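In: Below is the sequence, then the predicted model.
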Amino acid sequence: MTTEGRIDVTLELEAGRCARVTVASSRPLHVWRALEGRSVDEALKLLPLMSSICSSAQAVAGLRACEAALGVNVDPREEAAREAVIAAEVLQNHLWFWFVTAQDLVGAVPDLLALRRVRTSLADATVAVMGKGPWLRLGGMERTPEVGALERALDAVDAALRAAGLVCGAQSLEQLSAGTGPVGEILRVGFEAPLRALGQTSAPTESFDPAFVADALWNVPGFERAPTGRRGPMELGPLVSTADHALVRQAVASMGHGVGARLVARSVETCAKFETLRQAAHNLQHPSPPQRPARDGRRGFGTAPTSRGPVLHAVDIEQRQVVGWRVVAPTEWTFHSDGPVREALVGLAAPDVQEATRWARWAVATLDPCVEFGVRARES
């Protein structure tokens, strides 16, 4: 139903250093307004079609926003099933980075066959959790989870992760990068100088506050395209969401908030999302029947995690009709024109335009714009 647009990053060099960075986005951020004027039920049917990227997370965030606005309580078992589906999507997006994006960075051929196989297994896992029919229903839906099918799908995913060289449970950075597959190779390259310390950003100074963000979406003009926290632009993504993990702390201590640490954080989160799915296989239960809405509407918001940070949907509902729908996605935070990508690249030293472009592509790719992107450097 939509195209996702692209991000273009331009570096201007002066005397061998990046003096200025321009971030241009063509992402269609107002597409969600097409849900306004529709009934809640109609909007929920269209919701999965609105975005081809992180579609499960977008759909769950929108569903949660509607449930909050209508006062619908959700069974914890239903929420656990939704988290499992989102985990499968986040895992798939991380594997796209390891099998495609990162391979391009080192000049290798993307392993599309391996990616296709694991995506099939993750799709099977989602069906095992949610069933084959539509599952975006207010309050959830009655269904029969297929524990055996989920376990079989996850065995296939586990084999693919091991073959890729992902070392889950690693106790050190050396152990993490010891894998023989593409993940291990990318980590070893990323740990070398100058890449390991490339693309430095400041340590996070505040956490993502959903209530603050939802309020800003309604009251701050242009917030969807250029969101900021109370203290300014914020970096989202694995380096923030896994900041308390021992390996990530070790990486930040030795390499700073740059490419090397972001690769470590992505590998840690890849393993964590697989573990979320593994736990789902042991905890799947029949959810209770969904509850009816307690009211006809008001404002509400909902969030869901993606591989790049949280996405937030805010809705305004009156008499079961959508009168307002706003969304802010992680890309707009990290690729804010005055945000983390600019901080990561201004001051970058390089012997020539070619090297500046190559190193900047590593920084941009690990910050992860989620859509097609271009990087170029030029002399001022």
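Out: Perfect, I can see it now.

In: separation between residue 295 and residue 66?
Out: To residue 66, residue 295 is 12 Å away according to CB to CB, to the nearest Å. C-beta here means a position set from N, CA and C on the backbone, and glycine is covered the same way.

In: These two: who's more crowded?
Out: residue 66 (26 against 11; other CB atoms under 10 Å).

In: Helix or strand: which one has the more buried one?
Out: Following DSSP states H and E, the helix or strand that holds residue 66 is helix 55-70.

In: what do you get for residue 376?
Out: Using DSSP H and E, residue 376 falls in strand 372-379.

In: quick one on the thing from earlier: please point out which parts of the helix holding residue 66 sit buried.
Out: Within helix 55-70, the residues scored as buried using 16 or more other CB atoms under 10 Å are 56-70.

In: Just give me the neighbour total for the closest residue to residue 212 other than its chain neighbours.
Out: Nearest non-adjacent residue to residue 212, counting by CB to CB, 6 or more residues apart in numbering: residue 230, 6.9 Å away. Using other CB under 10 Å, residue 230 has 10 other residues around it.

In: Who are the contact partners of residue 230?
Out: 206, 209, 212 (CB atoms under 8 Å, 6 or more residues apart in numbering).

In: Make JSON lines from the residues you listed and add neighbour count, distance to residue 115 and secondary structure to it.
Out: Listed next are these as JSON lines, based on neighbours: other CB atoms under 10 Å; distance: CB to CB, whole Å; DSSP: H, G, I helix; E, B strand; the rest coil:
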{"residue": "206", "neighbour count": "11", "distance to residue 115": "35", "secondary structure": "coil"}
{"residue": "209", "neighbour count": "12", "distance to residue 115": "35", "secondary structure": "coil"}
{"residue": "212", "neighbour count": "12", "distance to residue 115": "37", "secondary structure": "helix"}
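
In: so what secondary structure elements neighbour the helix holding residue 66?
Out: Here helix 55-70 touches helix 40-46, helix 76-96, strand 299-306, strand 309-318, strand 321-328, going by 3 or more CB pairs under 8 Å, 6 or more residues apart in numbering; DSSP states H and E.

In: pLDDT below threshold where in the stretch 1-150 of the chain?
Out: The model of the stretch 1-150 of the chain has pLDDT under 70 over residues 1-3.

In: Go through the contacts of residue 230 and say which is closest to residue 360.
Out: When the contacts of residue 230 are compared for distance to residue 360 (CB to CB), residue 206 wins out at 26.8 Å.

In: got the phi/psi numbers for the closest one?
Out: Residue 206 adopts backbone torsions of phi -160, psi 160, taken as degrees, to the nearest 10.

In: Just the pLDDT for it.
Out: pLDDT recorded at residue 206 is 89.

In: buried residues in stretch 231-241?
Out: 233, 234, 235, 236, 237, 238, 239, 240, 241.

In: ok, now stretch 98-108?
Out: 98, 99, 101, 102, 103, 105.

In: what do you get for stretch 7-27?
Out: 7, 8, 9, 10, 11, 12, 13, 18, 21, 23, 25, 27.

In: could I get these as TSV with secondary structure and distance to residue 37?
Out: Below are the buried residues of stretch 7-27 laid out as TSV (DSSP: H, G, I helix; E, B strand; the rest coil; distance: CB to CB, whole Å):
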residue	secondary structure	distance to residue 37
7	strand	30
8	strand	33
9	strand	36
10	strand	38
11	strand	43
12	strand	44
13	strand	49
18	strand	46
21	strand	39
23	strand	33
25	strand	27
27	coil	23
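
In: which of these lies closest to residue 376?
Out: residue 10 (5.7 Å).

In: Quick check, the closest one in contact with residue 22.
Out: Yes: the pair residue 10 / residue 22 is scored as a contact, 4.5 Å apart, by CB atoms under 8 Å.

In: returning to what we had before: what's the closest of the buried residues of stretch 7-27 to residue 349?
Out: Nearest to residue 349, judged by CB to CB, of the buried residues of stretch 7-27 is residue 18 at 7.9 Å.

In: Now that closest one. Nearest residue, chain neighbours left out?
Out: Nearest to residue 18 is residue 348, by CB to CB, 6+ apart, at 4.2 Å.

In: Same question for residue 259.
Out: residue 198 (4.6 Å).

In: Now for that neighbour: which residues touch it?
Out: Shown in contact with residue 198 (CB under 8 Å, 6+ apart): 258, 259, 344, 348, 359, 362, 363.

In: Can you tell me the number of residues neighbouring the third one?
Out: What it means is residue 344. Other residues lying near residue 344 total 28 when counted by other CB under 10 Å.

In: what about the host helix or strand of it, average pLDDT?
Out: Secondary structure assigned from DSSP H and E places residue 344 in helix 340-345. For helix 340-345, the mean per-residue pLDDT is 95.

In: Now do that helix: everything it contacts.
Out: Applying CB under 8 Å, 6+ apart, the set of residues contacting helix 340-345 from outside is 9, 11, 18, 21, 23, 198-202, 233-235, 258, 333-336, 360, 363-364, 367.

In: next one: stretch 211-225
Out: 25, 29-30, 227, 229-230, 299, 301, 312, 314, 316, 324, 326-328, 332.

In: which parts of that stretch are buried?
Out: Buried residues in stretch 211-225, counted by 16+ other CB under 10 Å: 213, 214, 216, 217, 223, 224.
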